[in-house]
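In: when you get a sec, could you give me coordinates for this:
(2 chains)
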Amino acid sequence: MTPKQISQDELILFALQELTPAEAAEVLVHLEHSETARAELAAIQSDLAMYALTSDLQSPPALARERFMRQVSKEKKVVSIESAERAASAETGEEPMLLGREDRVVQIDDQPRARRSRMGFFGWAGWAVAACCAFAAGLEYHQHQSLQDAYYAQNTKLAELTAQTAQAQKVMQVLTDGGAMQVNLHLLPNGKPEPPKPEGHIAYSADSGSLVFVGMHLAPLDIYKTYELWMIPSDGGAPMPAGIFKPTAQGYASVIMPPLPKGVAAKGFGVTIEPDGGAKSPTMPIVLGM
Amino acid sequence: MPTTVPDPAGAAIDADLLEKVQRGDELAMAAIYDRYSRIVYSVALRVLRDPASAEDVLQEVFMQMWRSPAKFIAARGSLGGWLAVVTRNRSIDRLRRKRPSEQVEELNLAMPGNLADESERNLMMEKARIVILQLPPEQRKTLEMAFFDGLTHSEIAEMTGDPLGTVKTRIRSAILTLRKAFQA
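Out: Residues are numbered from 1 along each chain as shown, chains lettered A, B, ... in the order given. Below is the predicted model of the structure:
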């Protein structure tokens, strides 16, 4: 077909879907050959999209989302079965739309009822085999589903383990990093020494913002209170919260890899007692520090 | 054509989501729904004026995306704009009781901004509304009849008593005015 020239008005009619199928086909042929026409049509569609946006914004009912997501889940399975069928017909070389229905109908109509009844034992055996196959296929499907569920569960577990391993590796890196800052925290000189003395040990790597704190012989806290570790930046910035912790009955506590920014050099560290949940800035006094 | 390009961040998010949808990721599909369902529902409601029918179109449009995400590649344009046009066409098909047409899905829409972003979308909508309000009343009415009411040019000419050529000119002028306003 020789493409005829298309006016802007025709492109507008095409965009508004006002053309007859024959007219639309002509426009499509022209569009295939003309980049200018394609650009103009895209511009018209963009203008119309902008115009569509003049509609007052309304939220769809909440149930519409549920309905949609249900359909999405449902169609996912349908798609996979269809794909499987397509793959199967591709293997046999059959064209399902051409061979499927009519041929089967003819075959059934061509079989006289009397002949069907003469199938006898073998006929029924055939049906029995078919039923067994169907049952086996069902069983297979359920097994497949179970295996798939198990696979997903294993995958989730694997992801958790991988995350844990990565965390452990980070901890190891901080503990073994020769450049990491090693600090021992003691009771402040103005405190009243009591044996055994509360103490804390910190390994901090400023480059990666990784920190591990281990505290021992820590005094028990009142209910609704918590210890909070603070990092005091060397640039004179405000103390940064580096994790909250509560000691065990034996006075032991740890903070592993709290969320800290990378590249902040520390001038010191301190531990304060704060309300449960922690505070934005340290509350005096500092019970452990350097 | 608007000279501004689609918002790169919004387009990148859409492209990523569509890629995941192509792999059958239901959560990505939910994210696209959350980003654009208000636009789709609002356009459908404006055309159909019936919440139940608008909801049906909403489902149809997003299911089409779930079934054939490859039809739209975010890099080619604005997903929000595409959805607005597809929704309008689907709704008009429903009004005319026609089978849905597929012609629009292949288009590259060069819309500015990120329609998934509420503040940006509101800004664009406000701008579009102002431009529409500034159109001569007959142009505004004719465009509305053609776009939202789904009337053909001939039907509009018959209803208004204006010549067919005048109807066409009014619609073309209104579209071009809208374009100029967004190019400015």
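
In: now do the end-to-end distance for stretch A:51-66.
Out: Its first and final residues considered, stretch A:51-66 spans 29 Å by Cα to Cα, to the nearest Å.

In: do stretch B:68-80 as well
Out: End-to-end distance of stretch B:68-80: 16 Å, with Cα to Cα as the criterion.

In: avg pLDDT for it?
Out: Regarding stretch B:68-80, the rounded mean pLDDT is 70.

In: how about stretch B:39-47?
Out: In this model, stretch B:39-47 carries a mean pLDDT of 94.

In: buried residues in it?
Out: Using 16 or more other Cβ atoms under 10 Å in any protein chain shown as the burial criterion, the residues of stretch B:39-47 that qualify are B:39-47. Backbone N, C-alpha and C define where each C-beta goes, glycine included.

In: and those near chain A, which?
Out: Filtering the buried residues of stretch B:39-47 for neighbours of chain A using Cβ under 8 Å from any Cβ of the partner chain leaves B:39-43, B:45-46.

In: tell me the SS of A:Arg38?
Out: Of the three states, A:Arg38 takes helix under DSSP: H, G, I helix; E, B strand; the rest coil.

In: surely it touches A:Leu31?
Out: Yes - with the criterion set as Cβ atoms under 8 Å, A:Arg38 and A:Leu31 qualify as a contacting pair; they are 5.4 Å apart.

In: can you report how many residues neighbour B:Leu27?
Out: 10 (other Cβ atoms under 10 Å in any protein chain shown).

In: now it. Nearest residue, chain neighbours left out?
Out: B:Lys20 (7.7 Å; Cβ to Cβ, 6 or more residues apart in numbering or on different chains).

In: and A:Asp222, how far from A:Val271?
Out: Using Cβ to Cβ, to the nearest Å, A:Asp222 is found at 16 Å from A:Val271.

In: more neighbours: which of those two?
Out: Of the pair A:Asp222 and A:Val271, A:Val271 is the one with more neighbours under other Cβ under 10 Å, namely 26 against 8.

In: need the contact list for the more buried one.
Out: For A:Val271, the contacting residues are A:185, A:200, A:215, A:227-230, A:286-289, by Cβ atoms under 8 Å, 6 or more residues apart in numbering or on different chains.

In: tell me which helix or strand it sits in.
Out: strand A:266-275 (DSSP states H and E).

In: pull out the buried residues from that strand.
Out: When burial is assessed from 16+ other Cβ under 10 Å, strand A:266-275 yields the following buried residues: A:266, A:269-274.

In: ok, now stretch A:238-254?
Out: Applying a neighbour-count criterion of 16+ other Cβ under 10 Å, the buried positions in stretch A:238-254 are A:239-245, A:247, A:253.

In: identify those among those residues that sit within strands.
Out: Secondary structure from DSSP state E places A:240-245, A:253 of the buried residues of stretch A:238-254 in strands.

In: identify, from the residues you listed, the entry nearest to chain B.
Out: The shortest gap between chain B and any of these belongs to A:Met240, at 29.8 Å (Cβ to the nearest Cβ).

In: could you dump the contacts of A:Val271 to a markdown table with secondary structure?
Out: Listed next are the contacts of A:Val271 as a markdown table, based on three-state DSSP:
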| residue | secondary structure |
| --- | --- |
| A:Leu185 | strand |
| A:Gly200 | strand |
| A:Gly215 | strand |
| A:Tyr227 | strand |
| A:Glu228 | strand |
| A:Leu229 | strand |
| A:Trp230 | strand |
| A:Ile286 | strand |
| A:Val287 | strand |
| A:Leu288 | strand |
| A:Gly289 | strand |
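
In: ok, which of those residues also contact chain B?
Out: Under the cut-off given by Cβ under 8 Å from any Cβ, chain B has nothing from the contacts of A:Val271 close to it.

In: compare A:Arg38 and A:Leu31 (neighbour count), which wins?
Out: A direct count of neighbours by other Cβ under 10 Å for A:Arg38 and A:Leu31 places A:Leu31 higher, at 21 against 17.

In: can you point out the buried residues in the host helix or strand of the more buried one?
Out: Taking DSSP H and E as the criterion, the element that holds A:Leu31 is helix A:21-33. Burial within helix A:21-33, assessed by neighbour count using 16+ other Cβ under 10 Å, is assigned to A:24, A:26-27, A:30-31.

In: closest to chain B among these?
Out: Of all the buried residues of helix A:21-33, the one with the least separation from chain B (Cβ to the nearest Cβ) is A:Ala24, at 6.7 Å.

In: where's the closest one relative to A:Leu31, distance?
Out: From A:Ala24 to A:Leu31 the distance is 10 Å (Cβ to Cβ).

In: do A:Met290 as well
Out: In this view, A:Met290 and A:Leu31 are 74 Å apart by Cβ to Cβ.

In: for the closest residue to B:Leu18 other than its chain neighbours, grab the count of nearby residues.
Out: In this structure, B:Leu18 finds its nearest non-sequential neighbour in B:Pro69, 5.1 Å apart by Cβ to Cβ, 6+ apart. Close neighbours of B:Pro69, defined as other Cβ under 10 Å, add up to 21.

In: same check, this time on A:Ala203
Out: 19.

In: and it, that one's in a strand?
Out: Yes - the assignment for A:Ala203, made by three-state DSSP, places it in a strand.

In: so what's it bridging to?
Out: Applying DSSP bridges to A:Ala203 gives these bridge partners: A:Gln182, A:Val212.

In: my guess is it contacts A:Met172. True?
Out: No - because the distance of 10.6 Å does not satisfy Cβ under 8 Å, A:Ala203 is recorded as not touching A:Met172.

In: give me the element residue 129 is part of.
Out: Since you didn't name a chain, this refers to chain A. Counting by DSSP H and E, the element that carries A:Val129 is helix A:120-176.

In: sorry, should have said chain B
Out: B:Arg129 is part of helix B:118-134 when elements are defined by DSSP H and E.

In: ok, that helix near chain A or not?
Out: Yes - between helix B:118-134 and chain A, judged by Cβ under 8 Å from any Cβ, the touching residues are B:121, B:124-125, B:128-129, B:132.
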